[in-house]
Every structure is written in C-alpha cells, then in structure tokens.
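K.L.:
For reference, the sequence and a predicted model appear below.
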Amino acid sequence: AGAKASATLYSLIETAKLHGHEPYRYLRQLFTELPKAQSVEEIERMLPWNLACISDE
C-alpha cells in the first residue's frame, strides 16, 4: 500500500510540473482545498491540468 501511495504522489507531482506548477505550491493549495470538496467535480477541478498556473504569492 505504501508503494502505491508513493507512486500516486510522485505521479501527481510530475504531472503538476508538466503543467507548469511549482510542486510545493500546488500541493499546498491542493491539501488546503481538498477537504472542502464535496463532489467529484470539485475534486477534478483541482487536478493539475484543470488549474491555471499557481503564481508567486
């Protein structure tokens, strides 16, 4: 289970980088907003290919 979780996280990080996101910022935003999601559609909107690049704050 740990290997699968690690592979999923690494895949998400690499996909975020591919779509122009800085991994730490993307994950910070994702982990902040994910608990607020109440539908599959809201979760899908947080995937790297559905977000505009997260710019410097």
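P.N.:
Nice, I can see it. Numbers count the residues shown, from 1 in each chain.

K.L.:
Which positions in the longest helix seen in the chain come out as buried?
P.N.:
Of all segments of type helix in the chain, defined using DSSP state H, the longest is helix 2-18. Buried residues in helix 2-18, counted by 16 or more other CB atoms under 10 Å: 12-13, 16. Every residue, glycine included, has its C-beta placed from N, CA and C.

K.L.:
quick one: which of the residues you listed is nearest Val40?
P.N.:
For those, the closest approach to Val40 (CB to CB) belongs to Leu12, at 16.6 Å.

K.L.:
dump the residue contacts of the closest residue to that closest one other than its chain neighbours.
P.N.:
Using CB to CB, 6 or more residues apart in numbering and skipping the chain neighbours, the partner closest in space to Leu12 is Pro48 (7.3 Å). Contact partners of Pro48, counting by CB atoms under 8 Å, 6 or more residues apart in numbering, are 12, 15-16, 18-19, 21, 26.

K.L.:
Next, the contact list for the nearest residue to Leu47 once chain neighbours are set aside, please.
P.N.:
For Leu47, ignoring the flanking residues on the chain, the nearest one in space by CB to CB, 6+ apart is Thr15 at 7.9 Å. By CB under 8 Å, 6+ apart, the contact set of Thr15 is 47-49.
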